Structures are given as C-alpha cells and as structure tokens.
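>>> how would this look folded up:
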Amino acid sequence: MTNKIVAIQGNNPSKLNPITDTSIFLAHEIQDKNYKIFYYDPKNLSIINSKVIALGFFIKFDYKNKKFFKILKKQKLELAKCKFVLIRQDPPFNMEYISATYILDNLKNKVKIINNPTSIRNISEKLYSAKYQKYMPDTIFTQNLDEIKKFFKKHKKVILKPINSFSGNDVNLLLKFDLKLITKFIKIHDYIICQKFIPNVSKGDKRVFLINGKICGAISRVPKKGSFLSNLSKGAKAANTILTNKEKKISRLIAKDLKKENIFFAGIDFLDQKLNGDINVTSPTGLKTLYDLSGINLAKTFWKELKV
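Next up, the predicted model:
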C-alpha cells in the first residue's frame, strides 16, 4: 500500500516566503489530511540500483509560527513509496532541470507526479505559447539580429525576454535597436522573445490558474510605480479581478490543450486581453495570494481534483 507521503522537489524552504508561496500553501493543505511532507533539493535526486532515491527531510509547515517550518527527520527516501511528487523548483529550465525530469520519468508508472516530467520537458514555457501567437501582442522568437532589427523598425518600444528565465528576471524594455546590448543578451540567453510593448501594463496583467483542464481563478498584478514588470517578486501589487469573455475563451483553449499534454497545474498570463507568452508549467505561483485576496482556496481544489 502506498504511504500517505507527498514529496516536494523544490528550492530550500528557508528561501521561501510563507506569505505568498504556493508550494507551502499546497503542503499545508495536504498536511491537514494526515499526509507527511518529504522535501528535497533536485541536486539530491539519484538513481541507485534502479530505484529513484532522494536525500531530503520530512518537514511540517505551520503558518502560526514565525519560523514557518520544522524539519522532523533527515533521510534518504525511495520516491516510489510516495503517493505524489510535486515538481516545484524554480527555473531556469537548464540541463540540470531537464536531467531531473529524466530521472523522475522512472517513477511515472508508480507515483502521480505533478506536473508530468515528460510534459514539463516537452513544453517550453515561452516557446509553447508560439502556437497561440494570434492571441498575443506582436511577438517574434529568435536570435537572428536582422529579424530583431526589422522588428524594432516596426515597433518603437520593444520588450526583450529570455526564453528560459522566470519572475521577470532579465526582462528589458528598449526604446531603440541597441546592437551591443542585444548581441550580449543573445550571447547569454540564446533564443529570446521580442514583443511589442503594451502601455496598459501600468494597469496590471492577469494571472489565470488552470487545474486539471479547468479555469479555476485569477488575480490581477499591478506594477509598482515606474516599473513595467507585473511580477509580484518585482514589487507588483495583487488585486482581485474578473476575466473578460475573450480571456475566458483563450484560457479554455489552452487549458484543454495542456490537459491533453498531461499538464495538471499551470498559470497563464494576460496583458490588455492578450496572452503575454508565459505559460507556466514548471512551478506556477499565486494560489496563496488568491486565497488572501478572495478566500478562494485553490489548494483544496488542487487536491480534490487529484481525488484526495
């Protein structure tokens, strides 16, 4: 019989913010159903004698205490003994991240893994959005300088984003074609996104939560004064929001496609009713923020959809 254990592959808990963190929110909810939480860093994931082993620790989260977690027991654990494994570490989606998904592939027929490691590997969070380009601001995915120069001639203000970054890191707003800067940017990041700047970003974007092929909720994120970044980690403020019919239509389409790809939990972002190119399947965030704003507990929905 499978133990009532949820393993979380993620960043060190000491680096997490309990006020906003989705991994803690999900863990806290399942603890109340008498599940044990085993936490490990992907660096401590191994295959030994054909078994997937993680060196980590059993942990208990508690929102009431200033120190919001307590490490109960450090040990190695065969992950096949868990009922669920949650992949929750942040990008960058580099070879270390990819290698960890290959290791977890060995568990797929034994343990429910959220999100499916093969699917995470197959869906580049930003490149996957290319199939929905007609719903996006004018955007190109490239590392070709001539194509980028043409794009700048067409648009006066352009956003540059790395393909594999996250949380608004290394995102630039350019007012002109800067060969030196762009060449350096490509050298660091390879393929990049060039996207027409949308001035309405000052009014905020919308993060939509998709669980098991369904639209389950949304929040708005308003950049701090003087910023064009709507990421909460960059100082944006969250607010309640309502999706337009257009946003619902696009969200339903993507939710249906992601379910076919075996993606259980995702976050997608809209700006001025346009998909901004981020389809977050590695470590979607915002559930705790939605709960604090509205009382809607999507952690309950998450586990309910998994038949817990």
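>>> excluding its backbone neighbours, what's nearest the residue with the largest distance to the centre of the chain?
Distance from the C-alpha centroid of the chain peaks at residue 153, with 32.7 Å (CA atoms, centre = their mean). Leaving out its chain neighbours, the residue that sits closest to residue 153 by CB to CB, 6 or more residues apart in numbering is residue 177, at 7.9 Å. In short, each C-beta sits where N, CA and C put it, glycine included.
>>> so the one you found sits against residue 152, correct?
Yes - using CB atoms under 8 Å, residue 177 is in contact with residue 152, at 4.0 Å.
>>> more neighbours, those two?
The neighbour comparison of residue 177 against residue 152 (other CB atoms under 10 Å) goes to residue 152, with 18 against 15.
>>> quick check, that one in a helix?
Yes - according to DSSP: H, G, I helix; E, B strand; the rest coil, residue 152 belongs to a helix.
>>> I'd say it and residue 179 touch.
No - checked against CB under 8 Å, the pair residue 152 and residue 179 is beyond contact range at 10.3 Å.
>>> does anything pack onto the helix or strand in which residue 181 is found? Which helices or strands?
Secondary structure from DSSP states H and E places residue 181 in helix 179-189. When contacts are defined as 3 or more CB pairs under 8 Å, 6 or more residues apart in numbering; DSSP states H and E, helix 179-189 sits against helix 145-154, strand 158-162, strand 172-174.
>>> rerun that using 10 Å as the cut-off
For helix 179-189, the elements it packs on are helix 145-154, strand 158-162, strand 172-174, strand 192-196, judged by 3 or more CB pairs under 10 Å, 6 or more residues apart in numbering; DSSP states H and E.
>>> report the buried residues of that helix.
Residues 182, 185, 186, 189 are the ones in helix 179-189 that count as buried (16 or more other CB atoms under 10 Å).
>>> likewise stretch 299-308?
Neighbour-count burial for stretch 299-308 flags 299, 301, 302, 303, 305, 306 (criterion: 16+ other CB under 10 Å).
>>> the fourth one falls within a helix, correct?
It stands for residue 303. Yes - counting by three-state DSSP, residue 303 falls inside a helix.
>>> distance of it from residue 132?
Residue 303 sits 29 Å away from residue 132, going by CB to CB, to the nearest Å.
>>> which helix or strand contains residue 209?
Here residue 209 sits within strand 205-211, counting by DSSP H and E.
>>> pairing partners for the following helix or strand past that strand, with directions?
Following strand 205-211 in sequence order, the next helix or strand is strand 214-222 (DSSP H and E). Strand 214-222 has its sheet partners listed here by DSSP bridges as strand 205-211 (antiparallel), strand 237-240 (antiparallel).
>>> any idea which helix or strand comes after the lengthiest helix in the chain?
Across the chain, the longest stretch assigned as helix under DSSP state H is helix 245-260. Counting by DSSP H and E, the element after helix 245-260 in chain order, helix or strand, is strand 265-271.
>>> mind giving me the packing neighbours of that next one?
helix 22-31, strand 205-211, strand 214-222, helix 245-260, strand 274-280, helix 298-305.
>>> could you list the domains of this structure?
Here the domain parsing of the chain from automatic domain parsing is 5-122, 138-197, 200-305.
>>> as CSV, those with distance to residue 128 would be great.
As requested, the domains of the chain are exported to CSV (distance: least, CB to CB, whole Å):
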stretch, distance to residue 128
domain 5-122, 9
domain 138-197, 10
domain 200-305, 5
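>>> deepest in the core, which of those is it.
Stretch with highest mean neighbour count among the domains of the chain: domain 200-305 (a mean of 19; mean count of other CB atoms under 10 Å).
>>> can you give me how far that one is from the chain middle?
Remark: domain 200-305 is offset 10 Å from the chain centroid, using CA atoms, centre = their mean, to the nearest Å.
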